[in-house]
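Participant: Using only what follows, build the 3D model:
(chains A and B)
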Amino acid sequence: ILNVEQSPQSLHVQEGDSTNFTCSFPSSNFYALHWYRWETAKSPEALFVMTLNGDEKKKGRISATLNTKEGYSYLYIKGSQPEDSATYLCASSGNTPLVFGKGTRLSVIA
Amino acid sequence: EAQVTQNPRYLITVTGKKLTVTCSQNMNHEYMSWYRQDPGLGLRQIYYSMNVEVTDKGDVPEGYKVSRKEKRNFPLILESPSPNQTSLYFCASNPLWISGQYNEQFFGPGTRLTVL
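Facilitator: Residues are numbered from 1 along each chain as shown, chains lettered A, B, ... in the order given. Purely as a prediction, here's the structure:
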């Protein structure tokens, strides 16, 4: 079974701080790495899907990078806002369907 | 509107009483799957389906059944629910590979199931 690890488990930051968290995944048989944003009482929503080593994607203040050779991806949030508070999930697919990490729970304090 | 729908959204039932949670998507996606979410355990896949009549076990299939008779529907069946199946369940669909790109997964709104 593919093992996808996320760190830290939770994070508290002040409004305006920039932050980042990590997703680690097996680098063998890699197909794609997904990032999702999951707000309480809602369903997860896709942020990025990345496939190529060195890929960088950006959506507003959120960006992500991918290193498939060493098996990690970083998600960055610049100038965190209270509305960024959510759980951020990553998921990797190798020769199996998507396997999710347990998420990083971000709380942004105003 | 492109979406994944699940019904019911909330269900309280008793041990042993068969139930079905429906899932439907209107995006013509090949891939559908079911997850359960439990505190501290993240999203765990129960079953998935790559296309009509093709289903496979995920990480935690025990106590569940699925069927994929039509592309749009992927119901989750609990033949004899037990309290350890109390959880939040998500259905999801994905178009898989389109135009050389892997694509994002779309989630339903979730079904909160309590088995007494």
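Participant: continuing past the helix or strand of chain A with the lowest mean pLDDT, what's the next helix or strand?
Facilitator: Every helix and strand of chain A was ranked by mean pLDDT, DSSP states H and E. The lowest is strand A:99-100, at a mean of 88. Using DSSP states H and E, the helix or strand that follows strand A:99-100 in sequence is strand A:104-109.
Participant: for that next one, packing partners?
Facilitator: With contacts taken as 3 or more CB pairs under 8 Å, 6 or more residues apart in numbering or on different chains; DSSP states H and E, strand A:104-109 sits against strand A:10-14, strand A:19-24, strand A:86-93. Just so you know, the C-beta spots here come from the backbone N, C-alpha and C atoms, and that holds for glycine as well.
Participant: is chain B contacted by the least confident helix or strand of chain A?
Facilitator: Yes - Strand A:99-100 reaches chain B (CB under 8 Å from any CB of the partner chain) through A:Val99, A:Phe100.
Participant: List the contacts of that strand.
Facilitator: Residues outside strand A:99-100 that contact it (CB atoms under 8 Å, 6 or more residues apart in numbering or on different chains): A:1-4, A:89-93, B:35, B:42-45, B:59.
Participant: and the gap between A:Lys58 and B:Pro109?
Facilitator: To B:Pro109, A:Lys58 is 28 Å away according to CB to CB, to the nearest Å.
Participant: which of those two has more neighbours?
Facilitator: B:Pro109 (15 against 12; other CB atoms under 10 Å in any protein chain shown).
Participant: out of everything not next to it in sequence, what's closest to that one?
Facilitator: Excluding its sequence neighbours, the residue lying closest to B:Pro109 (CB to CB, 6 or more residues apart in numbering or on different chains) is A:Ser43, at 5.4 Å.
Participant: check contacts around the residue lying closest to B:Ser33 once chain neighbours are set aside.
Facilitator: Excluding its sequence neighbours, the residue lying closest to B:Ser33 (CB to CB, 6+ apart) is B:Tyr48, at 3.8 Å. Residues in contact with B:Tyr48 (CB under 8 Å, 6+ apart) are A:Pro97, B:Tyr31, B:Met32, B:Ser33, B:Trp34, B:Thr55, B:Asp56, B:Gly58.
Participant: Just grab the bridge partners of B:Tyr48 for me.
Facilitator: Note on B:Tyr48: beta-bridge partners by DSSP bridges are B:Ser33, B:Asp56.
Participant: Roughly how far does it sit from B:Asp59?
Facilitator: From B:Tyr48 across to B:Asp59, the span is 10 Å (CB to CB).
Participant: same question, B:Gly110
Facilitator: With CB to CB as the criterion, B:Gly110 and B:Asp59 are 18 Å apart.
Participant: next one: B:Gln105
Facilitator: Note on B:Gln105: its distance to B:Asp59, by CB to CB, is 16 Å.
Participant: how much space is there between the nearest residue to A:Ser18 once chain neighbours are set aside and chain B?
Facilitator: Distance criterion CB to CB, 6+ apart; nearest residue to A:Ser18, sequence neighbours excluded, is A:Lys78 at 4.9 Å. Using CB to the nearest CB, to the nearest Å, A:Lys78 is found at 22 Å from chain B.
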